[in-house]
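In: below: sequence and its predicted model.
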Amino acid sequence: MVNQPVRAILLVCLFYLRFSSTTSTNFSFSSFLQNDRNISFAGDASVATVSDHSSIRLNDNQIAGNVFNGSGRAYYTQPIQLWNSITRSTTDFTTYFEFSIMFPSGSSNLSSGGIAFFIASENSLGIPDNSGAGWLGLFNETTNGDESNQMVAVEFDTFQDQWDPSNNHVGVDVNSITSKANSTWSNTMVSGDILGARISYNGTSNNLTIFLKDPQVPVDTGSLTLTHNVNLSEVLPERVIVGFSGSTGQAIPIQVIRNWNFTSSLDQVVEQSKEGEGDSKMWLVGLIIGLVIGIAGVSLLLSILLRNAKRKKKLEEDYEDEEMGFDVSMNEDFEKGTGPKRFTYKELVSATNGFSEEGKLGQGGFGGVYKGFLDELNMEIAVKKISEGSKQGKKEYTSEVKIISRLRHRNLVQLVGWSHGRGGFLLVYEYMPNGSLDHHLFGKRSSLTWLVRYKIALGLASGLFYLHEEWEQCVVHRDIKSSNVMLDSNFNAKLGDFGLARFVDHDLGSQTTVLAGTMGYMAPECLITGKASKETDVFSFGVVALEIACGRKPVEPRAEESKVRMVEWVWELYGRGRLLEAADGILNGEFDEKEMECLMIVGLWCAHPDCNLRPSIRQAIQVMNFEAPLPNLPPKMPVPMYFTPAANLSKQFTNTWSSNTTIQTVTASDATTLSQIQSC
């Protein structure tokens, strides 16, 4: 005990100070201005007004001087944290920009070049000599293929060089002009039309995805998607520069970037270097020796007092547990999880200002949720106070603490701690500034853009994939719904409320249990078998995916008869070839049609009435990332056939259902049908 304070002083004085933080980069340019210090230029690039819009022009298109085989770059001035050497985590990022390329009359057959979005080391900002034409201002004959380039680029090439597959193609370049992956654009890039490009990177899967579209033509012929797997942390340094490069050949096209936005986020460890060199080190050593001698006696006394205080606190907690009927060993089970801790009721009363109504975030059947602040951890929290009359009770409280305290994933709500005793059951979570998904889809909060919605759907799928396949045990959530999907400050999806979750074996994948869930999100086989499985979780995910796309609840009793049940309504439109009519009207058509169609079809696939025909969450993610084709679903929604459940089945529900909710069943006398249900 004496050595611990001494060690702390040594660490503070001699080594780096480390603390956890989240770094993010977000910027958006609807146009570009002269003398904007956020954008830097090299070579022939500059700000110019093109078609009455202030844009970045990557090359001087005036035929004067040596502008043939020229090149230019424009890039965001501040470096971006791409990955972290301590945590080994890599950022997710998404960038969107619009560009146009126009050739002078009669020069479209001449060699030109193209443009590229690049990510590069801060030491690679200089434009190489003789890097015009097909080199796109990125490489030359000497530097091509050299790993010291430390550059990854997405090229939009307009001329077929010897290393290219065609004119008008998109490629992914890694330290070389020869693309690692490419795809030919079915239209022309040099008409002067405004094209939109979205490039996103998933730091977990290492997938770099490019989506290019021409708003002037139908989505089936006017779009391109290319995905390539590349570990950026193995190619690029921790801090990088992002920007654009362009080149000319014998032709001098007008190459324009009209607008640009970029967003990234990364959990990292920030380091502060030690201070003092030379003679100051001797002074520091003397200070340390004096401090060690001075506090040795005090630390011994404090350690004794602290040990006694902890013993007294534990005795009080054990006494409270015994009064409430808890097994004292339950705390030992809880504390086997890593990270979360037990709080006293007094600590949480102080953190929430006495559970004040002003700080109340919401109210449910389980009780209330209150905003608070923990001075000890210097963080905002949300405290769920489970009411004594709640059906969730001790069993669900215990389940949530045991399960979620052991899970760590960017798309799962983090449990900070718990408390039980005379104050009842309390769960402490990280605070989510943007609340729950359902409030944005159906409530008074601001509506979500399509870019954010698709990001939320992918994030939720990623969290579910972790539960089903990546963690050491399979976790079945059993209550996936939009109100349990929380949104952080960057609108990243985080799945919460693990009160109904259960551990199951990966090989088994399901277990018979008390029927639980929420009407509208429960798979049909749950009503008969009472089984919770990965397939029932996938069904619930499919319903949430459709909610995100359609902006409506699973069941709308007041809607016209054909639209009461969302899944049936969307499936009917799918069968008629009018799927996009189900898109949320609040979006006013401002969405990527290919992504909208993909999310709706994946939602229907996951919500298939036959559990044997649903995808795994891994398969759903592959389709959503455009790494696999869309499934072919029947034009009419299949109807599940099963025996009517026992009369007392409704008593098994652990969640309260609204009075206007009905359960429709179809009685089957066919033994084959029953075996299909049991196979789920």
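Out: Now that the structure is in, tell me what you want to look at. For clarity, every value in this text was computed on a predicted model and none was experimentally measured.
In: so Leu300: helix, strand or coil?
Out: Here Leu300 is recorded as helix under DSSP: H, G, I helix; E, B strand; the rest coil.
In: shouldn't Gly134 be within a helix?
Out: Yes. The assignment for Gly134 by three-state DSSP puts it in a helix.
In: name the nearest residue to it, ignoring sequence neighbours.
Out: Asp161 (3.7 Å; CB to CB, 6 or more residues apart in numbering). Where you see a C-beta, it was placed from the backbone N, CA and C, and this is true even at glycine.
In: one more: Thr77?
Out: In space, Thr77 is closest to Ser40, 4.8 Å off (CB to CB, 6+ apart).
In: the stretch of helix or strand the one you found belongs to packs against which elements?
Out: Assigned by DSSP states H and E, Ser40 falls within strand 39-43. In this structure, strand 39-43 makes packing contacts with strand 71-76, judged by 3 or more CB pairs under 8 Å, 6 or more residues apart in numbering; DSSP states H and E.
In: what's the angle between the strand it packs on and strand 39-43?
Out: Inter-element angle recorded for strand 71-76 and strand 39-43: 170 degrees (by axes from the mean of the first three to the mean of the last three CA atoms, to 10 degrees).
In: what pairs with strand 71-76, parallel or antiparallel?
Out: The pairing partners recorded for strand 71-76 under DSSP bridges are strand 39-43 (antiparallel), strand 239-247 (antiparallel).
In: which of these has the lowest average pLDDT?
Out: In terms of mean pLDDT, the lowest-scoring of the strands paired with strand 71-76 is strand 39-43 (a mean of 91).
In: list of residues touching that strand?
Out: 29, 32, 47, 56, 70-77, 125-127, 137, 243 (CB atoms under 8 Å, 6 or more residues apart in numbering).
In: in three-state terms, label the residue lying closest to Ile210 once chain neighbours are set aside for me.
Out: Once flanking residues are discounted, Ile210 sits nearest to Leu226: 4.6 Å by CB to CB, 6+ apart. Three-state assignment for Leu226 (three-state DSSP): strand.
In: just give me the neighbour total for Leu226.
Out: Leu226 has 20 neighbouring residues, counting by other CB atoms under 10 Å.
In: who's in contact with it?
Out: Contacts of Leu226 by CB under 8 Å, 6+ apart are Val170, Gly171, Val172, Ala181, Asn182, Ser183, Thr209, Ile210.
In: helices of this structure, start to end?
Out: 3-14, 232-235, 279-323, 329-334, 345-351, 393-404, 437-442, 450-465, 526-529, 534-550, 566-575, 593-606, 617-624, 671-679 (DSSP state H).
In: I'd like those helices as CSV, with mean pLDDT and distance to Phe156 appended.
Out: Listed next are these as CSV, based on pLDDT from 0 to 100; distance: least, CB to CB, whole Å:
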stretch, mean pLDDT, distance to Phe156
helix 3-14, 49, 51
helix 232-235, 94, 20
helix 279-323, 67, 54
helix 329-334, 52, 54
helix 345-351, 92, 52
helix 393-404, 75, 44
helix 437-442, 93, 34
helix 450-465, 96, 20
helix 526-529, 79, 49
helix 534-550, 97, 29
helix 566-575, 97, 34
helix 593-606, 97, 18
helix 617-624, 97, 24
helix 671-679, 41, 50
